[in-house]
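Enquirer: Sequence and computational prediction follow.
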Amino acid sequence: MNKEIHPGIKISLLLFLGLFVFLPPMSWAGETPTMVIEEAKFAIDQARKAGAEQQAYDYLSAARSWLSRAEKEYGEARSFFSRMSSDKTQKAKDEEIIYSATMAKLKAMVAENKAKKESVLKELKDTRKDLTDYQSAVAVLQKNLEESRQAKEIQAKAEAERKELGEAKRKAAEMEIQKKQELEEAQKKAEAMQALKQKELQEARLKEAERAAAREKELAEAKWKAEQLAAQRAKEEAAMKAGEEKLAALKKKAEALEREKAMLSAAGKIPTATVKTGEKEMVITLLVINLLTPASELKASGKEILDQVGNFLKAYPNHKVIVRGHTDSVGKEAVNQTLSEKRAQKVREYLVAYQNIQPTRITTEGLGPSQPVATNATETGKAMNRRVEIAVITSE
């Protein structure tokens, strides 16, 4: 018996081969790995429903293997370390996933078509067997036609049954055409749905990008406002601190002025002394004539004056003291220098020994005739230049 493939099966196989040949695995531009994996799952489910587990198990198993590989690659591509890779590497991984999922989809479609083919062949085989049996019965009836009048009735009945069989074949062909049309319509709907999904996905991405931009703008504005507020607060705090420092400085200066005023008043009570204030020191000037003998020894009146000086210094114990000795310009400069040092030293020794002034607090200087306060051309001027200055340091 000549076993030809049913025309409907030929059409299905040609459509599938055309899809496989002319649409390479990466031809669906714009599809994502997730979409292709879902399509492969749907194709495998359709093949299973068509009976591929019994009729095309090898293809169905291959489809599941390709799908498993695609899902594994998808999981690895979405892992933490893969997300740290470059866009180029990520794109290559996505292409590998799409390829594996597409192969799974194609294998599933082959399995589905093979299952359908086996089902149709079985039906065709059953039909041919029925036809063969029928033809055998007709032959027997024709052989016995001459022997019995009933043979004509049987033959007529056989003709009627043949017509019914032809009608059945016609209806089967119509059903095959209808199924083909339904398949094409389903494919068109699937493509339209896919395009709609792609459009919705693009719109969703655009909206998400707009929301992200808006959030970034709000964040930048909030950061700018926070920086402005922080700068304003810092400025206010700096101004407040400067005011406080200025107030403290003024207060300290006022206290220093008050203290200097009190010191000036107290120093003014020292007998025969003249007091002058400078920027950093208060100078108590004592003429040598009131303090020392020509041999640079302390007079009794000088000791009384220095007792008053000692009381003054003990009243202000936190101030350093410099005792400076001066001479007139009469005589050699070296002699005058030595004399000025001796005068300053005598005053210091008395204040330390008899007024208990700390030795580390008092230092001496001999300035000779280098800093006259009056002319050396007159006796009065010379007497004024022969002096001892007790400088009390008021500020560093």
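Expert: Great, that's in hand. Worth saying up front: this structure is predicted, and the values here are computed from it rather than measured.

Enquirer: for the residue of the chain positioned farthest from its centre, helix, strand, or coil?
Expert: Here the chain reaches farthest from its C-alpha mean at residue 147, the gap being 104.9 Å by Cα atoms, centre = their mean. Look at residue 147: counting by DSSP: H, G, I helix; E, B strand; the rest coil, its state is coil.

Enquirer: Same question for residue 121.
Expert: Quick answer, by three-state DSSP: residue 121 is helix.

Enquirer: The closest residue to residue 100 other than its chain neighbours: what's it in contact with?
Expert: Leaving aside its sequence neighbours, residue 100 sits nearest to residue 70 (Cβ to Cβ, 6 or more residues apart in numbering; 3.7 Å). The C-beta positions use only the backbone N, C-alpha and C, and glycine is treated the same way. Applying Cβ atoms under 8 Å, 6 or more residues apart in numbering, one finds that residue 70 lies in contact with 33, 36-37, 40, 97, 100-101, 104.

Enquirer: need those residues in JSON lines with neighbour count and pLDDT, can you?
Expert: Listed next are the contacts of residue 70 as JSON lines, based on neighbours: other Cβ atoms under 10 Å; pLDDT from 0 to 100:
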{"residue": "33", "neighbour count": "22", "pLDDT": "90"}
{"residue": "36", "neighbour count": "24", "pLDDT": "91"}
{"residue": "37", "neighbour count": "22", "pLDDT": "92"}
{"residue": "40", "neighbour count": "26", "pLDDT": "91"}
{"residue": "97", "neighbour count": "25", "pLDDT": "90"}
{"residue": "100", "neighbour count": "25", "pLDDT": "92"}
{"residue": "101", "neighbour count": "29", "pLDDT": "88"}
{"residue": "104", "neighbour count": "27", "pLDDT": "90"}
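
Enquirer: Secondary structure and distance to residue 175 for those - can I get that in TSV?
Expert: Listed next are the contacts of residue 70 as TSV, based on DSSP: H, G, I helix; E, B strand; the rest coil; distance: Cβ to Cβ, whole Å:
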residue	secondary structure	distance to residue 175
33	helix	38
36	helix	32
37	helix	33
40	helix	29
97	helix	39
100	helix	36
101	helix	33
104	helix	30
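
Enquirer: unless I'm mixing things up, residue 62 is touching residue 107, no?
Expert: Yes. The pair residue 62 / residue 107 is scored as a contact, 4.6 Å apart, by Cβ atoms under 8 Å.

Enquirer: higher neighbour count, those two?
Expert: Using other Cβ atoms under 10 Å as the criterion, residue 62 and residue 107 rank with residue 107 on top: 26 against 18.

Enquirer: if I've got this straight, that one is in a strand?
Expert: No. Residue 107 is assigned helix when assessed by three-state DSSP, not a strand.

Enquirer: Please name the nearest non-neighbouring residue to it.
Expert: Distances taken as Cβ to Cβ, 6+ apart place residue 63 nearest to residue 107, at 3.6 Å, with adjacent residues excluded.

Enquirer: All good on my end, thank you.
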